[in-house]
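Have a look; sequence and predicted model below, questions after that.
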Amino acid sequence: MNMVQAINNALEIKLREDPTVVLYGEDAGFEGGVFRVTEGLQEKFGEQRVFDSPLAESGIVGTAVGMAIAGLRPIVELQFCGFVYPAFNQIISHAARIHNRSRGKFKTPMVIRFPYGGGINALEHHSESMEAMFGHIPGLKVIIPSTPHDAKGMLIAAIESDDTVMFMEPKRIYRAIKQEVSEEKYSIPIGKAKVLTAGDDITVVAYGAMIREVQKAMVMAKSKNISVELIDLRSIYPIDKETIIKSVQKTGRLMIVTEEPKSFGVAAEITAIANEEAFLYLEAPVKRVAGFDTIVPLPATEHFYLITPEKIFYELEKTVKF
Amino acid sequence: MNMVQAINNALEIKLREDPTVVLYGEDAGFEGGVFRVTEGLQEKFGEQRVFDSPLAESGIVGTAVGMAIAGLRPIVELQFCGFVYPAFNQIISHAARIHNRSRGKFKTPMVIRFPYGGGINALEHHSESMEAMFGHIPGLKVIIPSTPHDAKGMLIAAIESDDTVMFMEPKRIYRAIKQEVSEEKYSIPIGKAKVLTAGDDITVVAYGAMIREVQKAMVMAKSKNISVELIDLRSIYPIDKETIIKSVQKTGRLMIVTEEPKSFGVAAEITAIANEEAFLYLEAPVKRVAGFDTIVPLPATEHFYLITPEKIFYELEKTVKF
Amino acid sequence: MFKEFNPAEDKILRVIDNEGQLINKKWMPQLADEQIQKAYNDMLFARVADTMAVSYQRQGRMFTYPPNLGQEAISGALGNIMTEEDWLVPAFRELGAWLAKGATLKDIFLYFKGNEEGNAFRNVKKLLPMAVPIASQLLHAVGIGYAIKLRNEKDIVYTVVGDGGTSEGDFHEALNFAAVWKVPVIFVVQNNQFAISVPFSKQTASVNVAVKSLAYGMPGIKVDGNDYFAMYSALDYSRNYASEGKGPVLIEALTYRKGAHTTSDDPTKYRTKEEEDFWGLTDPLTRLNKFLKAKKLITDTEEQTLIEQYKKEVDRSFEEAENYPPTVLDDVFKYTYVDIPEDLKIQQMEHEKFLKWKEAQK
Amino acid sequence: MFKEFNPAEDKILRVIDNEGQLINKKWMPQLADEQIQKAYNDMLFARVADTMAVSYQRQGRMFTYPPNLGQEAISGALGNIMTEEDWLVPAFRELGAWLAKGATLKDIFLYFKGNEEGNAFRNVKKLLPMAVPIASQLLHAVGIGYAIKLRNEKDIVYTVVGDGGTSEGDFHEALNFAAVWKVPVIFVVQNNQFAISVPFSKQTASVNVAVKSLAYGMPGIKVDGNDYFAMYSALDYSRNYASEGKGPVLIEALTYRKGAHTTSDDPTKYRTKEEEDFWGLTDPLTRLNKFLKAKKLITDTEEQTLIEQYKKEVDRSFEEAENYPPTVLDDVFKYTYVDIPEDLKIQQMEHEKFLKWKEAQK
Ligand SMILES: Cc1ncc(C[n+]2csc(CCOP(=O)(O)OP(=O)(O)O)c2C)c(N)n1
Ligand SMILES: Cc1ncc(C[n+]2csc(CCOP(=O)(O)OP(=O)(O)O)c2C)c(N)n1
Ligand SMILES: [Mg+2]
Ligand SMILES: [Mg+2]
């Protein structure tokens, strides 16, 4: 399966086994979504459970909050990360807070899914990576898969979570990676990072579409005898400090690769964590390889903005040599 | 003047000297705002230039974007930091981007003012500190004064800036500090931090209402012979790396005091900067003293959440002793 | 009813006049005397509690509080219409409705004393906590309506918002979604003429609020919100409409916020004595009282006795709230997540360490 | 006009029928033959350019492009109504209107080839770049209208949005602010029946879009958007209304998106051949062509010649766009701020260093 199929499969499993699960969004019903992630689900589960909504993101998230309060488990699709902003008030003021506000009387078991990230030659607002903003909001959980296998297991965990989960889909690799994925139900716990490759010289933390880019850079690194320990963060919040710290204690060096704007991003948080918990182990400054603090350019210029394996290797080598 | 008066004075000066300046928001016209910051301005400059708007934050910011495009310099007031979210789409997708999108043909010289922060026994959503989110948005400038004097000079600079400026007002000290403030026009450049107290043992970076709390902690520190260098950050973005780094190179220790939720906050960014630019000077882990990653509690419980001088001193001492 | 009171022609449903005289027999609800008496008593209780809340606040025993004075008929009617199975999705100025839904005064006071525990209304099933971000709660009502419809249940969702709230994008999205999805939601707009200091005329240029229903293809009706019978009648008709699966209804309840916006507000800054006097004549309690007196269902002495009794009850509830145990650190951390992240637990533990250290310093 | 075509009764303004026959003399605009011919030619040009844009995209020479096929009468009329002093605040599917406002095809192609420089429309003063977040641009139009009013200028602001866009909160807030502030803004809703795959019936339950004007106290009118004369007439009337200081107007232009949503979309998935055929009969160019033919103002050969000429022109513009110099790193950094932060300059310098290193590796 590719990631689109794996997500579709996870949605199907949960829609089948749990009658409280509903799924909706702009074009998410009849057509199956602009990326065809929900294709076929309306046919299988009917218009009452899988449906199109009017074009209004605050409306989509706000109604989902209500459904969740009333005992459903809504999954909503927002069309692109750049179109989540109209829903911010509902996300921050309600989806993230009803449980706290009602002192546990009501909860909001809901999933807000949306594709994010650059590299697909898209229009303006279609390439954003805003995970740090969500990570900063008390009450939200924020997760990002990097493989079809993880996408399925993490989405199932998200749907089963009693907290609101932002499930961000790295659309650049929606169809780029194929993998054996079991048709059975399984879930991958929220909040656990995964060491993808063990190594000695430096720890690299990345997630989503950046994993593949780091892996390409690792081929170059290998030829220079640099041994990289690669961690797939998977969960932006809660963040798996333990896995990161353990690795940094071993390698003494840390680099973070993210496609978000650099300032005030996830990479800064991870740097702060390493600093707080592994200060005495750090042999070089933690390196942030991230997007520029600019708007993601349109396709003709985006190649300057995208983080390439060369760029990763370039910074990797410098950090290892520090 | 207190900070309310200083801000009012800055608004008056710019309304008087620049006919393109207009000022509006919910209750900002006739009544002079819920905190009386704009009091008297409608009387002085008429209903066309200082006015009430309908209750709709996206509308307020979105129309300001249009006004700015058409050559005005709108200043809009949003009632509380917790009510900025409905305007996020207009702020992120437009106020921060029109200049880029039109390749410099149009710009958005506008100021978005709003009170933020806790400590005033307020209702839910009235105590938030979301500066990190704004700092993360390419295209925005984000500034926070800590004194009446700074508030006036920084606001004048913000109004004169050709970029969109988020001007966040620490409402907890709106009336708490009185100062001689010149009636004359002056401005304080955006992006420059200020060393408030020179010291040797540790650098503390703070801003807004936290400055006063740090100063109280410094009294305790002094009695223990700890010499603190206190920096008022003033500008969240652009961030004045130079001033911070220079100080850390001298003291070898850094603590950041912010009232925002800790994870993915301003304190993480400053930690990352210190790590990148002063790694070899750091003698202890950079310490973040920040809010919990929870929702700010209501008044009966807020004292647990608020950062107190004792808490600052407690962490200060530990960091110095590290 | 919806045709008869076409909001585009700015018609208004009114059943009794300011003197408590019946002026519209057709829409006078069929209520037993005891029902009317009970309604009056509920409204009176709400008024007593509201007035006392303001004075507790003045005494510094409560934080900011939004008075309900003058708006009692709306929640009075709501209270008599709602069943236990119905949902109430309130804003923040709904004292009477909360009470009608079964919330305790103790909880309400607790909340305005700054303890979020009061907002849980633990003893009431289908009552949402108060929502502060204006108009945002309307979408929750629509989502709940969707769940009801999906499960083929019979509940109705009542949700309330102010005139200022009609300007927010969420108002629009909520009404639009509700009508497209045909969910059983009754939107009640308390048009009390002001959003803090901003008068209705600066809020919208439409002839009234009810006409906004046309934008969504749902019925809308403007009602004298200070007329208990008119409110009851409109709610009753709307409830039947919604429960027949015909979809949502928008009710504009014309009223006047006689008090301040909140206890931190001073309305004399932005409105005149004449205006206040004009609206004073429409007071919902006075009108219903006159109606009851004409029917000899109440006397001044009876009313006085009631008021004294209510005052005691309110004071008792307030005491309960005052004697409520103080909050603890755990209250900050316990509910941000259902499944609490490890890191948050560590933040709590570290703060406990600090508190111990602080204690030790003394 | 607004009374005659009451949107609450779902009236529609139509001037010629599908056969190009005049059916409403009263509202037939007084246009000279040459004006009508010019309008037709503009629409034809837009159609040729649009069709060719789709095929450039198919050839992989352009990125995603949103076709305008079938919606030419709306922008054709807009183009003839707008003056140089007027503002146009477009969404993203406004090819004809951009061209009418003076934008060059080269710029438009450049934009859809992924270069933001094309979106600046440097040669046109009061044309905003295209806005992608649905309905958000409407508020900018209102703000511009406010500036015009404050400065006592005479300009009119035209702004365009789709039927899907009417569901967004910003649509509501924009119309409400516009009416309260009484600004000279004309809102044109291109109701092309679809928001990507979602049909109008799932977008709203209101009888039409025009009736939504009642919610704001502004006039609204539903117009046959595939009838050039009806569109012209409605825009002309609305412009006069707005320029008399009476405030904003909402025009619903009923049309049909004959093409795909964008070049990445396949409409056969969600609509039927019958539906497409039905709307095919209302094609705006065919209708105007029939009208012109009946008046002997155009022949098939003339039209063919025009098309050939336009094709060459379009190809020339496309070539210009293709030959436009490639972008440089500076294009990423130059415009995020007017006053560029030091740190951003450093990010750029560091990336330059990396690019040099990379170059050196080869
Ligand atoms: C989104 C949002 N913006 C601003 C506020 C601040 N605020 C609180 S009440 C209020 C006025 C509400 O007016 P209305 O909707 O008429 O209700 P009323 O207070 O009259 O009951 C405002 C602006 C808020 N709570 N939420
Ligand atoms: C805020 C926002 N949400 C979602 C999208 C994705 N999107 C692009 S076009 C479109 C449909 C627009 O429909 P309509 O307003 O009818 O305009 P049309 O495409 O028919 O011209 C959607 C959902 C967007 N651009 N902006
Ligand atoms: Mg009100
Ligand atoms: Mg459309």
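Nice, I can see it. Ligands and ions are numbered 1, 2, ... in the order given.

Can you identify each of the strands in the chain by residue range?
Assuming you mean chain A. Ranges of strands in chain A, per DSSP state E, are A:21-25, A:50-52, A:73-77, A:111-116, A:140-143, A:164-170, A:194-197, A:202-206, A:228-232, A:235-237, A:254-261, A:287-291.

Chain C is the one I meant
Per DSSP E, chain C carries strands over the ranges C:87-89, C:157-162, C:185-191, C:194-195, C:198-199, C:220-224, C:249-254.

a markdown table for those, including distance to chain D?
All C-beta atoms are positioned from the backbone trio N, CA, C, and that covers glycine. Output for the strands of chain C, formatted as a markdown table (distance: least, CB to the nearest CB, whole Å):
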| stretch | distance to chain D |
| --- | --- |
| strand C:87-89 | 18 |
| strand C:157-162 | 14 |
| strand C:185-191 | 12 |
| strand C:194-195 | 12 |
| strand C:198-199 | 10 |
| strand C:220-224 | 10 |
| strand C:249-254 | 10 |
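
Any idea which of the strands of chain A gets closest to B:Val195?
B:Val195 lies closest, by CB to CB, to one member of the strands of chain A: strand A:287-291, at 26.2 Å.

outside of the closest one, which residues touch it?
By CB atoms under 8 Å, 6 or more residues apart in numbering or on different chains, the residues outside strand A:287-291 that reach it are A:118, A:129, A:254-262, A:265, A:267-268, A:271, A:305, A:307, A:311-312, A:315-316, A:318-319, B:272, B:276.

Buried ones among these?
Neighbour-count burial (16 or more other CB atoms under 10 Å in any protein chain shown) is assigned, among the contacts of strand A:287-291, to A:118, A:129, A:254-262, A:265, A:267-268, A:271, A:305, A:307, A:311-312, A:315-316, A:319, B:272, B:276.

For the residue nearest to A:Lys194 when sequence neighbours are not counted, name its beta-bridge partners.
Residue nearest to A:Lys194 in three dimensions, not counting chain neighbours: A:Asp232, with 4.8 Å by CB to CB, 6 or more residues apart in numbering or on different chains. Counting by DSSP bridges, A:Asp232 is bridged to A:Lys194, A:Ala206.

How many residues are close by A:Asp232?
25 (other CB atoms under 10 Å in any protein chain shown).

pLDDT value on it, please?
In this model, A:Asp232 is scored at 98, pLDDT.

do the same with C:Lys362
Model confidence at C:Lys362 (pLDDT) stands at 85.

residues in contact with it?
For C:Lys362, no residue meets the contact criterion (CB under 8 Å, 6+ apart).

mind listing the helices for the stretch 51-200 of chain C?
Secondary structure of the stretch 51-200 of chain C (DSSP state H, counting those that start in this stretch): helices at C:72-81, C:95-101, C:105-112, C:137-150, C:169-181, C:200-203.

Out of those helices, which one sits most buried?
helix C:169-181 (a mean of 29; mean count of other CB atoms under 10 Å in any protein chain shown).

elements contacting that one?
On a contact count with 3 or more CB pairs under 8 Å, 6 or more residues apart in numbering or on different chains; DSSP states H and E, helix C:169-181 meets helix A:57-69, helix C:137-150, strand C:185-191, helix D:169-181.

With distance to A:Gly153 added, can I get those in a markdown table?
Formatted as a markdown table, those follow (distance: least, CB to CB, whole Å):
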| stretch | distance to A:Gly153 |
| --- | --- |
| helix A:57-69 | 22 |
| helix C:137-150 | 27 |
| strand C:185-191 | 37 |
| helix D:169-181 | 36 |
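
Can you check which of these gets nearest to ligand 4?
Ranking the helices and strands packed on helix C:169-181 by proximity to ligand 4 (CB to the ion) places helix D:169-181 first, at 12.7 Å.

wait, does the closest one make contact with ligand 2?
No - shown here: helix D:169-181 not in contact with ligand 2 (CB under 6 Å from any ligand atom), separated by at least 8.4 Å.

and that helix, what's its mean pLDDT?
Mean pLDDT, helix D:169-181: 98.
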